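Student: Please find the sequence and the predicted model below.
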Number of protein chains: 4
Amino acid sequence: MEFKEPQAIYLQIAEYVCEKILLEKWNTDEKIPSVRELAVELEVNPNTAMRSYEFLQNKEIIYNKRGIGFFVSANAKEKVSVFRKQQFLETELPVFLKNMNILNISIQEIETFYIAFIKSKNLN
Amino acid sequence: MEFKEPQAIYLQIAEYVCEKILLEKWNTDEKIPSVRELAVELEVNPNTAMRSYEFLQNKEIIYNKRGIGFFVSANAKEKVSVFRKQQFLETELPVFLKNMNILNISIQEIETFYIAFIKSKNLN
Amino acid sequence: MEFKEPQAIYLQIAEYVCEKILLEKWNTDEKIPSVRELAVELEVNPNTAMRSYEFLQNKEIIYNKRGIGFFVSANAKEKVSVFRKQQFLETELPVFLKNMNILNISIQEIETFYIAFIKSKNLN
Amino acid sequence: MEFKEPQAIYLQIAEYVCEKILLEKWNTDEKIPSVRELAVELEVNPNTAMRSYEFLQNKEIIYNKRGIGFFVSANAKEKVSVFRKQQFLETELPVFLKNMNILNISIQEIETFYIAFIKSKNLN
DNA sequence: GTGGTCTAGACCACC
DNA sequence: GTGGTCTAGACCACA
C-alpha cells in the first residue's frame, strides 16, 4: 500500500480498516488480520500496524482477545459512520466550500466529477 | 497571528503570504515585508519567517534582491492559483467524492450547504 | 571535515554527498547516514546536516522514508552528473574561454596542463 | 547590467572595470566615470559602485583625485593582467581540469568550444 | 538596513 | 531510533 505524505501512516492504516468495516467486508465480532499479517500485507513495520489497532481499540471500533487477536466491535460500523460524518461536516466541508469559492468552481462541475466517480467505481 | 496545530508554522506563514498575493494586496514586483518585520508582526522567530520566504522563493512565488529585500514574482498570482487548483483536483476532490459516496450525501445537500456558505460570506 | 570559506557549509556537505553518489559509494535506494550521524562525523550542528539533506531532497537526489532515514534516489547519479555538466557548460566554460582569450593562453598550453594533471592523478 | 548570483555585486563591477582597462578602453591617467555615473549606468546603488572603486583603489588599479574623480593608475593593465593570470592558474585552472576529468570532456571538445567562442566574438 | 548561515538546545510525532 | 520544527542568539557580508 502507498501512503500519502502529510498524514501519519498509522492513521492511514486506521482509515483503511474503517473502510473495510463501512463496506461490510469485516463485520461485528469477526476476527480481523493479526498485526503481523496486516504489516506484511501493507508492507509496514509491525509497530506501525500495532499502533493503528491501538488507536482503533481506544475508539472502541475494534477489541482484543488476548492471545487470539482483534475483532470488530458491536456497532463499529455506526461509530465509524457517525465519526466520519461529523468530521466531514465540521472540517472537510467548510474547507471544501471555501476552496470551491476561491477557485471559482461551480456545483455543476462538482456534480460532473461526482457522476464520473460513481461510474468509474461501478466499472471495477 | 494564531497558528493551528497540525501544520508547520512556516507553511502557514507561506499560506498567509499567498493569500495576500491572491487578494492583490501585494502585487508583482512589490516589496514585501522584510524577514524581521514579518517576524515581529506575526510574533515568530526571524528564522521561522525566513524559512517561509525560502520556501516561497523555491516555488518562485517571490524573489530576492540582494541587500534590499523580497519581492513578488511576475505571475505569482497565477502560480499560486494554479498550484491550489491542482492540489484541489488531485487530492481534496477525490477524498471528498469518496466520502460523499460512503456517507451517502447527495449533490443536492452539498448545493444547499454551498448556498448557505455564499450567503453567510456576503453578510460579512 | 574541513570547510572552505566562501561557500556555505551545508552546500559543501551536499557536494560531499553528491561525490559519494558519483563514486558509487552510496547507491540507489541505499540508506545514507542519519542526520545525527552525519553531523557527528563531519563535526557540524545537526541542523546544518539536516539542511544539506533538505537541499538534496528538493533536488530529488535523495528521498526520505518516514521514521527510517534518507535514501539515494533512483537515477541520483545521473541527476548529479547532468546537473554538474550543465553548470560547467553554462557557467564555468564561458568564463574560462573568456579568460583564455584575455590572458592569451593557447589550447596547447591547456593541453599540457591537462596531461600533467592526469599524470599526477594516476600517481596517487 | 545583470549580475550573477554567487559573487558580490561590487566584485562583479570591479571585474567590469578591469575588463575596460585590459581591453584598453580606459587607459593610464584617464578619468573613469564618477561613482554616480557608474551607478546610474549599471543600475546599482551608489554605495555599491563606491565600494568597487574603493576595492580597486586598494589594489592600486585606480587612484583618486579629491573633488575630481577616479583615474586609471600607471601599470594598471599589467597589474590586472598579472593578478588575473595568477588567479587563473592557481584557482580556476585546477577546478576546470578536475571537472573536465570528472565529466569526461576531452581537450578536443574544449578546442571546439574555443574556436566557436573566438568566431562569435569576431562577429560582434 | 537587508538576507544568509550557523550553533545550541529543546520538543515533538512517528517508525 | 528517525526526521521535523521552532526558538534564541550570534555573526557575517552586502546594499
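Tutor: Cool, the structure landed.

Student: Quick one, grab the pLDDT at the residue of chain A found nearest chain D.
Tutor: With Cβ to the nearest Cβ, the shortest gap between chain A and chain D falls at A:E5, namely 30.3 Å. To be clear about C-beta, it is placed using only N, CA and C from the backbone, and glycine gets the same treatment. Model confidence at A:E5, expressed as pLDDT, equals 74.

Student: helix, strand or coil for the nearest residue to A:F117 once chain neighbours are set aside?
Tutor: Setting aside the residues directly before and after it, A:F117 is nearest to B:L97 in space (Cβ to Cβ, 6 or more residues apart in numbering or on different chains), at 4.4 Å. Three-state call for B:L97 (DSSP: H, G, I helix; E, B strand; the rest coil): helix.

Student: per-residue pLDDT, B:L97?
Tutor: Predicted confidence (pLDDT) for B:L97: 91.

Student: where does it sit relative to B:Y114, distance-wise?
Tutor: Counting by Cβ to Cβ, to the nearest Å, the gap from B:L97 to B:Y114 is 15 Å.

Student: got it, and A:K59?
Tutor: If you measure A:K59 against B:Y114 using Cβ to Cβ, the figure is 31 Å.

Student: Which one of those two is surrounded by more residues?
Tutor: More neighbours sit around B:Y114 than around the other of A:K59 and B:Y114, counting by other Cβ atoms under 10 Å in any protein chain shown; the figures are 18 against 15.

Student: what's in contact with the host helix or strand of the more buried one?
Tutor: Taking DSSP states H and E as the criterion, the element that holds B:Y114 is helix B:107-123. With Cβ atoms under 8 Å, 6 or more residues apart in numbering or on different chains as the contact definition, helix B:107-123 has outside contacts at A:93-94, A:97-98, A:100-101, A:107, A:110-111, A:114, B:100.

Student: State the mean pLDDT of it.
Tutor: For helix B:107-123, the mean per-residue pLDDT is 90.

Student: CA-only coordinates of it in PDB, if you can.
Tutor: These are the backbone C-alpha positions of helix B:107-123, laid out as PDB (Å, rounded to 0.1, in the frame of the first residue of the first chain):
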ATOM      1  CA  ILE B 107     -25.200  16.700  -4.600                       C
ATOM      2  CA  GLN B 108     -28.400  18.500  -3.600                       C
ATOM      3  CA  GLU B 109     -27.200  18.600   0.100                       C
ATOM      4  CA  ILE B 110     -23.900  19.900  -0.900                       C
ATOM      5  CA  GLU B 111     -25.600  22.600  -3.000                       C
ATOM      6  CA  THR B 112     -27.700  23.600   0.000                       C
ATOM      7  CA  PHE B 113     -24.500  24.000   2.100                       C
ATOM      8  CA  TYR B 114     -22.800  25.900  -0.600                       C
ATOM      9  CA  ILE B 115     -25.700  28.400  -1.000                       C
ATOM     10  CA  ALA B 116     -25.700  28.900   2.800                       C
ATOM     11  CA  PHE B 117     -21.900  29.400   2.700                       C
ATOM     12  CA  ILE B 118     -22.100  32.100   0.000                       C
ATOM     13  CA  LYS B 119     -24.900  33.900   1.900                       C
ATOM     14  CA  SER B 120     -23.000  34.000   5.200                       C
ATOM     15  CA  LYS B 121     -20.000  35.200   3.300                       C
ATOM     16  CA  ASN B 122     -21.900  38.100   1.700                       C
ATOM     17  CA  LEU B 123     -23.300  39.200   5.000                       C
END
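
Student: Quick check: buried residues in it?
Tutor: B:110, B:113-114, B:117 (16 or more other Cβ atoms under 10 Å in any protein chain shown).

Student: what's the answer for stretch A:38-55, then?
Tutor: The neighbour-count check on stretch A:38-55 (16+ other Cβ under 10 Å) flags A:38-39, A:42, A:44, A:48-53, A:55 as buried.

Student: how close does the spatially most central residue of chain A sit to A:E37?
Tutor: With distances taken as Cα atoms, centre = their mean, the residue of chain A nearest its centroid is A:E15 (2.3 Å). A:E15 sits 18 Å away from A:E37, going by Cβ to Cβ.

Student: Could you do A:V80 as well?
Tutor: Taken as Cβ to Cβ, the span from A:V80 to A:E37 is 21 Å.

Student: In terms of neighbours, single out the busier of the two.
Tutor: Under the criterion of other Cβ under 10 Å, the comparison of A:V80 against A:E37 puts A:V80 first, with 23 against 13.

Student: wait, that one sits on A:Y16?
Tutor: No - assessed by Cβ atoms under 8 Å, A:V80 is found out of contact with A:Y16, at 11.9 Å.

Student: Output the below-cut-off pLDDT ranges for chain A.
Tutor: Across chain A, no stretch falls below the confidence threshold (pLDDT under 70).
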